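S.K.: Got a predicted structure here, sequence first:
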Amino acid sequence: MSTTTETEIPLRQRVAENPQPALIWAAVGAVLIGVELGAILQVVGAVAGVVVNLIPGDPGASAVQSLQAAFDAIPTLVSRDVIPNQGYWDGTGYENTFLGLSPAVAWAIRVVFVYAYAFAVLAWAWNGYKRFRRHYRRVDWTPRDDVVNRFRGHSWGKFGLIIVITFVVMAVFAPALGPTTMEQNILQPYDYEVSYWSEDTQSVETVLVGEANLGSGSQGAGDENVAPMTYDDFGRFHPFGTATNGKDLFTQVVFGARISLTIAVVAMGIAGLIGLGLAMITAYYKGLADLATVLVSDSIQALPVIMVLILMLVIFQNTWVRELYDGAVLIILIFSIVYWPFIWRSIRGPALQVSEQDWIDAAKSFGQTPTQVMRKHMAPYVFSYMLIYASLSLGGIIISVAGLSYLGLGITAPTPEWGRLIANGQQYVASPSWHISLVPGLLITLVVTGLNAFGDGIRDAIDPQADTGDEAAATGGGA
Amino acid sequence: MSTTSTEEERSTEARGDTILEVNDLKTYYEDGGFLGSNPVKAVDGVSFDIQRGETLGLVGESGCGKSTLGRTLMRLEEATAGEVKLNGTDITTLSGSDLKQFRKDVQMVFQDPDSSLNERMTVGEIVREPLDVHDWKTPSERRERVRELLETVGLQEQHYYRYPHQFSGGQRQRIGIARALALEPEFIILDEPVSALDVSVQAKILNLLEDLQNEFGLTYLFIAHDLAVVRHICDRVAVMYLGNMMEIGPADEMFDQPANPYTHALLSSIPEPDPTIERDRITLRGTPPSPRDPPAGCPFSTRCPVKIRPSAYRDMDTDLWERIEVFREVLRERSRADPSLSDRVRKLLGRESHRAGMDEIIPELFGELDVPSDVMSHIREAADYAENDDEDAARAYLREEFGSVCDHERPDQLSVGNRGRLSLCHRHEPEYEEPAAVFETLVQ
């Protein structure tokens, strides 16, 4: 703040007075978003489709479908069409692949491209925050700056953040990352054909994807195995090999990431909202409200989580709730109900502590309403604690969902799920087809570790004095 | 406050204009027990009034209920009984828009400037919040007002976008004062506003408060335990002990000639900077009684150095009388302490408990004194009750035998002098000697 009169100027005017940093940033952003505008609109269309699907009678379904078709037609930079990898060898060179490269190389380029794009967007967003801080923000310093700076110096937390980002990018860009598509390879294999170079006839032939899958399953024996980073007999590249039924494992893994992430984030979001809301109410009013919540949460916490999940899934086995999003909606609801007491318990202490501060009394003394007191004077102090416990519990939910699917409950086939992949490959662990169980297993471990590291990082950033030795209250166990 | 004449003028013109009137206010804290709990009587029947434009100091040791009184006046605690009239309206029953209006008229400055400011909000937001709550004019006028306020309390307007962390304790207290002033209140409760600050900063804040009072015609209730600060800033002083108002009156008069025995004791605890001055400090015996179980008579009766003796023992040796009082104190402490689990088991088994031991206490207290036989028999009788774990019976017995009007009757607030001073002590009744006179004899 150079001059005293600056305090009155609104943000728009501050930008107008020094437009260069904002303009550069906005231009870069326009390019980055512009090249993916089609994809963003496709997501909007998909969400609209889901919403319409949930409404009884499907009003306006045809309009949404035509909208989706229009959005699909918009070309995007990070897509299968720009860098195609599903080509074939025609005896002299590769057809229909990116620059005539082999499918493996084309796929690798696309993966690198996707991640480069994703990290470029994140870097752009971070740069925007820094530009705002340097050029436009009215305050020189906020308590949050210290938190951000501390996190930036926390290597373990940054490692966690990178893992989490990698996982999220995997889920978000799942359709572009797979060497083949969900529709072709997994859901409707008998509606699509692939061309391949037949060694026997020395010519390009076509085969139904379903039949090709039957011929390229990984079932443990040497000749019935498609290992990671190899081609199958039909010229298709499999980065993680194939599953037992010949479907591409990598495609299943990336789409499995999607559903795991959705369940974990949505369930944790709902549980977090309930927990935070109740924490505010119980800390503000104390007494009877607190006692009632203690009783309810104790009752819920007394139940073994996995047992409740299994019972509920069995009870709702043949109902419409079970059908929504392949069972994910039901799982989300159960997890929200089972997890909010953990969140509430974890943040009840900090919430009570904040509620004893004099500034709460000060706010009451000039007539601030209870909701505003909770929102402005209490929630900001508790929110970061909630974030820690949420990020640590996310891993637990991912493990639990995988565990359920492993048991044959949880997400219904054919929607891919990491736990079910592990279950499928379990009997081949000691055979050449070890990759079926091992790859998803390793990924679960890595993601949960990353989430825990991220949670540790946040905790150390918001509360540097906290005793980092005590992990008892903040472990991500669930299953 | 430079000359006494202006002071008197002020007090006489203010007399007719009462801003706050408190009648028999009680604030009890119920806790835990669902059935017939024994509440903490934090404020136990307090009456006083405050004139417009004056500063009333409220002093007392920690736990005497002065902060609870302030919070009850603020409606941060609910009053159990009694009334608080602000400009003639009883505020203990206000609700809805009346309560909101009251929240505008009365503000509070808190003790701890670290805890009273939300450190996630900028100074501007903090000072602006009361204005936002009461929808004061337009947003840009509010910002303008905040900047004015910051200047008024001695900060700069570019501090608007800083956070409390970036300020020193004294500056933060200035922010708290600016927030209290935002809604142009008539009456401000200052809850130990300088006790968390360095001495050099204290003086600056006190001067600021005085300047603001003159500028805006504010009325202060100044809660403090630092008597020197109170003497400096207050027109009148009220002294609290165990939820009761022991004495209230003009500050200068009270500091020069305390009327109430408790005020005597409190004032003698002010440290004297000059080490060569010889003073006789009155050291009080024991600790204040539990506010759950205050004495039946005068609240100060258990520790009062000038307690009235019953006529039968008026000529008794002072040392012996002292020992009897100590004995009663011991019994009171014992009845207050919960018996431990092993004590209860012993009692159930019919064994002697550790809590007995009267045969050690009696010789310890009375061994070296020449105790008249009738007095000794009363002591033995009480000791027998106590020996059988019935402290209450022992206490009742001793109260009956050695108790006086101080133990049996709660004194009224009696007028002392001619400047509206009130003191809660039986000794101001015509048949007894004044406390000050008795203190004289004690000191000699």
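M.R.: It's in.
S.K.: Let me know the pLDDT of residue A:358.
M.R.: We have a pLDDT of 91 for residue A:358.
S.K.: From residue B:111, how far off is it?
M.R.: 8 Å (CB to CB, to the nearest Å). In short, each C-beta sits where N, CA and C put it, glycine included.
S.K.: same deal with residue B:21?
M.R.: Taken as CB to CB, the span from residue B:21 to residue B:111 is 26 Å.
S.K.: Which one's more surrounded, those two?
M.R.: Remark: of residue B:21 and residue B:111, residue B:111 carries more neighbours, 21 against 16, as counted by other CB atoms under 10 Å in any protein chain shown.
S.K.: what about the strands in the stretch 1-150 of chain A?
M.R.: Shown for the stretch 1-150 of chain A, the strands assigned by DSSP state E, counting those that start in this stretch span residues A:88-89, A:94-95.
S.K.: okay, these in JSON lines with mean pLDDT and mean neighbour count next?
M.R.: Putting these into JSON lines (pLDDT from 0 to 100; neighbours: other CB atoms under 10 Å in any protein chain shown) gives the following:
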{"stretch": "strand A:88-89", "mean pLDDT": "88", "mean neighbour count": "18"}
{"stretch": "strand A:94-95", "mean pLDDT": "86", "mean neighbour count": "17"}
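S.K.: In a markdown table: those, plus distance to chain B.
M.R.: Formatted as a markdown table, the strands of the stretch 1-150 of chain A follow (distance: least, CB to the nearest CB, whole Å):
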| stretch | distance to chain B |
| --- | --- |
| strand A:88-89 | 61 |
| strand A:94-95 | 59 |
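S.K.: Make CSV out of those strands and add distance to residue A:365.
M.R.: What follows is the strands of the stretch 1-150 of chain A, written out as CSV (distance: least, CB to CB, whole Å):
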stretch, distance to residue A:365
strand A:88-89, 77
strand A:94-95, 76
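S.K.: give me the number of residues near residue 68?
M.R.: Since you didn't name a chain, this refers to chain A. Neighbour tally, residue A:68, other CB under 10 Å: 17.
S.K.: that's the other chain; I wanted chain B
M.R.: So residue B:68, with other CB under 10 Å, has 22 neighbours.
S.K.: Could you check how far the residue nearest to residue A:109 when sequence neighbours are not counted is from chain B?
M.R.: With sequence-adjacent residues excluded and distances taken as CB to CB, 6 or more residues apart in numbering or on different chains, residue A:109 is closest to residue A:83, at 5.8 Å. Here residue A:83 is placed at a distance of 46 Å from chain B (CB to the nearest CB, to the nearest Å).
S.K.: which residues touch residue A:83?
M.R.: A:98, A:106, A:109, A:110, A:113 (CB atoms under 8 Å, 6 or more residues apart in numbering or on different chains).
S.K.: What about those residues, which are in helices?
M.R.: When DSSP state H is applied, the contacts of residue A:83 are split such that A:106, A:109, A:110, A:113 fall in helices.
S.K.: okay, residue B:233: pLDDT?
M.R.: Looking at residue B:233, the pLDDT reads 90.
S.K.: hang on, the earlier thing: whichever of the ones in helices among the contacts of residue A:83 end up buried, select them in ChimeraX.
M.R.: Restricted to buried positions by 16 or more other CB atoms under 10 Å in any protein chain shown, the ChimeraX selection for the ones in helices among the contacts of residue A:83 reads:
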select /A:106,110,113
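S.K.: Burial check on the closest residue to residue A:274 other than its chain neighbours, number of neighbours?
M.R.: When the adjacent residues along the chain are set aside, residue A:274 lies closest to residue A:340, with 4.0 Å between them (CB to CB, 6+ apart). For residue A:340, the count of nearby residues is 25 (other CB under 10 Å).
S.K.: helix or strand for residue A:340, which one?
M.R.: Per DSSP states H and E: residue A:340 is located in helix A:328-355.
S.K.: Okay, buried residues for that helix please.
M.R.: For helix A:328-355, burial by neighbour count (16+ other CB under 10 Å) applies to A:328-348, A:350-352, A:354-355.
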